[in-house]
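In: Got a sequence here, can you model it:
(one chain, ligands or ions: 1)
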Amino acid sequence: MSLDESPRAATAANAAGDAAAQGDAGECVEYLERIVYFLDNELEEADRDQVKLHLDECAPCLRKYDLERTVKAVVARSCTEAAPSGLAERVLAQIRTVQVQITDS
Ligand SMILES: [Zn+2]
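Out: Prediction:
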């Protein structure tokens, strides 16, 4: 009685799978996570370049980046001086207005 069948034969097919099959949305999710670290200057230089490159080509991610950066700035300021309540909401509302104008033009 011989057992020639190897259970490992199937793994080679999985290794050949290509990331190119993934859609853009999956890629953006990865970048959106990195944008947070990018803002905190917690990325390696190579990663920073990748994020910058993606922000140049991807409008949704760039808008998200601008939004995060603005909110962060408002929060940082409110830590040092007493910011009026509702300031962050007003800033967000302004950003949305600008975004609508950009979309309309
Ligand atoms: Zn993107």
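In: Does D47 touch I35 like I think?
Out: No. Counting by CB atoms under 8 Å, D47 does not reach I35; the two are 10.9 Å apart. For the C-beta atoms, the positions are set from N, CA and C on the backbone; glycine is no exception.
In: which of those two has more neighbours?
Out: When D47 and I35 are compared for neighbours, I35 comes out ahead with 22 against 13, by other CB atoms under 10 Å.
In: Could you report the distance from that one to E44?
Out: 15 Å (CB to CB, to the nearest Å).
In: cool, V74 as well?
Out: Distance from V74 to E44, by CB to CB: 28 Å.
In: the more surrounded of those two?
Out: A direct count of neighbours by other CB under 10 Å for V74 and E44 places V74 higher, at 16 against 9.
In: and the more buried one, what element?
Out: Secondary-structure assignment from DSSP states H and E places V74 in helix 59-80.
In: Can you give the contact residues for that helix?
Out: With CB atoms under 8 Å, 6 or more residues apart in numbering as the test, helix 59-80 has contacts from 28, 31-32, 35-36, 38-39, 54-56, 83, 87-88, 91-92, 95, 99.
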